[in-house]
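**Student:** Coordinates only, no sequence provided:
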């Protein structure tokens, strides 16, 4: 075997990997640049402090903005997270820690199915369950729809993270005569919390970008409301309606809304990454001798 | 004189298995029909070649193998005369009486030294500091670790050396005051110095707890144990006082194993 040939082959394979990575990264960069170029002109103080109002506001040059969509997004997404968290975590624990339980295989099947289901169906589900029964579109219905989006992601990631925490940890706990739920909650869960958190944030960011499930649930609103029982606006859905509107000013606002949404999602990931890295650093410090 | 006396008075039986078998997947025997007494305040060593079932047997003594799906136990394991496999017995209660130390030290990585030792008490709701302080100090003293860690009880369990971590695991097991302590090759991941310390510790600990130790190392069995059981292909071949087993083995297979015919 010629050693130069081996070096060459190494370089070629690396080049292929770099090229393929760029194919993924370049479109993403183009999207970000394009969004910023188109939207930056519409970002001003009014954008963050005013409601959208009727189209005439934009046409007449009166102050208008997406304050209500930004607040709505935060409200609906956080409520969705609060709803999804206990169910998602519990299902993840069930699948990882109680694999012999009759529900575990069912939960696994349903979670995988739910994970691959188009998000608009989650909207339909929330429509049938919440909107129909409460008598109208509401922010809360939107939160439920997004919670359906988050749940399977949270439970899948929780399951896989718990599964890679060392078995010896559970045995050590059980050998002390601790009940199983105690071992799971006080020993296994804390050991895995960094990974669990990043899975939760991933689910959150993913749901934050969804427009389809919200159309039939939180519906949208041109004005600010803080009531979870009323229709409320969200950025992804507002982007869609601004984009298909006939007003040039609204198109620009749509692009600006996209910048804010992008930043929101990126910030979520960033916070997640930093938190997880801090936890990892701490964990490394704790076990630097093993 | 003293030694002679020790042999004459038969030690009290703390645990005893009767025709105990562990079966995997309904067909494969991990161990088969083992009758073995475990004497109070004595060290019983389980020796034998790899895969002979010593660890399987050990784990059946506190129902640890139940964590593996498809493992089934037949026969009896009596603790103070009561079958730990009886239908209404909770494995959690058994594991409180029969503690375990594993091959690799297993400190809880995110907990402090103090909380590692206190875990067995704290996590079942005993929160009173005055009680816990006493328990932690006693357990750490018993595990011969107190002097090394008394000034840094708040530092993480993972910051200790391997040998210290193993003694921490022993302290943690002792803190819940088990009647029997199972040790699964407790020194196999330790350096010679740490091994010596843990062996000395085992000799001392038998004053307060009955010990069963699985070891790969025959010299270790000689050094630390009072009784030795030789396992071979899932069977308990021979059980006698350690001195007798090594000096006058009765069974052909024991003789062959001890002479190094197989390992």
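**Tutor:** On my side now, so go ahead. All of these numbers come straight from a predicted model, not from anything done at the bench. Residues are numbered from 1 along each chain as shown, chains lettered A, B, ... in the order given.
**Student:** From here on, just use CA atoms for contacts and neighbour counts.
**Tutor:** Will do.
**Student:** what ranges do the helices span in the stretch 101-250 of chain A?
**Tutor:** Here the stretch 101-250 of chain A has its helices, by DSSP state H, counting those that start in this stretch, at A:103-116, A:119-126, A:132-134, A:139-164, A:167-175, A:180-182, A:189-191, A:193-208, A:212-215, A:235-243, A:248-286.
**Student:** buried stuff in stretch A:33-45?
**Tutor:** Neighbour-count burial for stretch A:33-45 flags A:35, A:36, A:38, A:39, A:42, A:43 (criterion: 16 or more other CA atoms under 10 Å in any protein chain shown).
**Student:** Look at residue 237 and report its pLDDT.
**Tutor:** As the question left the chain open, I've gone with chain A. Model confidence at residue A:237, given as pLDDT, is 95.
**Student:** Not quite, go with chain B.
**Tutor:** 95.
**Student:** Tell me, how many residues neighbour it?
**Tutor:** For residue B:237, the neighbour count with other CA atoms under 10 Å in any protein chain shown is 17.
**Student:** again, but for residue B:64
**Tutor:** Residue B:64 has 19 neighbours, counted by other CA under 10 Å.
**Student:** Tell me if I'm right that it and residue A:175 touch.
**Tutor:** Yes: assessed by CA atoms under 8 Å, residue B:64 is found in contact with residue A:175 at 7.4 Å.
**Student:** what residues does the stretch 101-250 of chain B put near chain A?
**Tutor:** B:101-102, B:106, B:108-110, B:120, B:123-124, B:156-162, B:172-173, B:176 (CA under 8 Å from any CA of the partner chain).
**Student:** So is whichever strand or helix holds residue B:78 next to chain A?
**Tutor:** For residue B:78, the enclosing helix or strand under DSSP states H and E is strand B:71-79. No: remark: strand B:71-79 sits outside contact range of chain A, by CA under 8 Å from any CA, the gap being at least 12.6 Å.
**Student:** Now do the SS call for residue B:182.
**Tutor:** With DSSP: H, G, I helix; E, B strand; the rest coil as the basis, residue B:182 sits in strand.
**Student:** neighbours around it, how many?
**Tutor:** Neighbours of residue B:182 under the rule other CA under 10 Å: 26.
**Student:** Could you pull up the contacting residues of the residue nearest the centre of chain B?
**Tutor:** Nearest to the mean C-alpha position of chain B, by CA atoms, centre = their mean, lies residue B:182 at 1.6 Å. Applying CA atoms under 8 Å, 6 or more residues apart in numbering or on different chains, we find residue B:182 in contact with B:58, B:98, B:99, B:100, B:101, B:211, B:212, B:213.
**Student:** and what of residue A:234?
**Tutor:** Taking CA under 8 Å, 6+ apart, we find residue A:234 in contact with A:68, A:69, A:70, A:71, A:72, A:73, A:76, A:220.
**Student:** and the third one, what pLDDT?
**Tutor:** In this model, residue A:70 is scored at 96, pLDDT.
**Student:** Give me the below-cutoff pLDDT ranges for the chain.
**Tutor:** The chain I'm using is chain A. Where chain A drops to pLDDT under 70, the residues are A:1, A:283-290.
**Student:** oops, I was thinking of chain B
**Tutor:** Scanning chain B for pLDDT under 70 picks out the ranges B:1-9, B:263.
**Student:** Can you name the residue of the stretch 101-250 of chain B nearest chain A?
**Tutor:** residue B:158 (4.1 Å; CA to the nearest CA).
**Student:** Spell out the secondary structure type for that residue.
**Tutor:** helix.
**Student:** Neighbouring strands of the helix or strand containing residue B:211 in the sheet, and parallel or not?
**Tutor:** For residue B:211, the host element (DSSP H and E) is strand B:210-214. Counting by DSSP bridges, the strands paired with strand B:210-214 are strand B:43-47 (parallel), strand B:180-184 (parallel).
**Student:** would you turn these into CSV with distance to residue B:221?
**Tutor:** Formatted as CSV, those follow (distance: least, CA to CA, whole Å):
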stretch, distance to residue B:221
strand B:43-47, 6
strand B:180-184, 12
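**Student:** tell me the most buried of the ones you listed?
**Tutor:** Counting by mean count of other CA atoms under 10 Å in any protein chain shown, strand B:43-47 has the highest mean neighbour count of the strands paired with strand B:210-214, with a mean of 27.
**Student:** Which secondary structure elements does the helix or strand following that one sit against?
**Tutor:** Where DSSP H and E defines the elements, the next helix or strand beyond strand B:43-47 is helix B:54-60. With contacts defined as 3 or more CA pairs under 8 Å, 6 or more residues apart in numbering or on different chains; DSSP states H and E, the packing partners of helix B:54-60 are strand B:13-24, strand B:28-39, strand B:180-184, strand B:210-214.
**Student:** The last one to strand B:28-39, inter-axis angle?
**Tutor:** To tie it back to what came earlier, the one meant is strand B:210-214. Interaxial angle, strand B:210-214 versus strand B:28-39 (axes from the mean of the first three to the mean of the last three CA atoms, to 10 degrees): 150 degrees.
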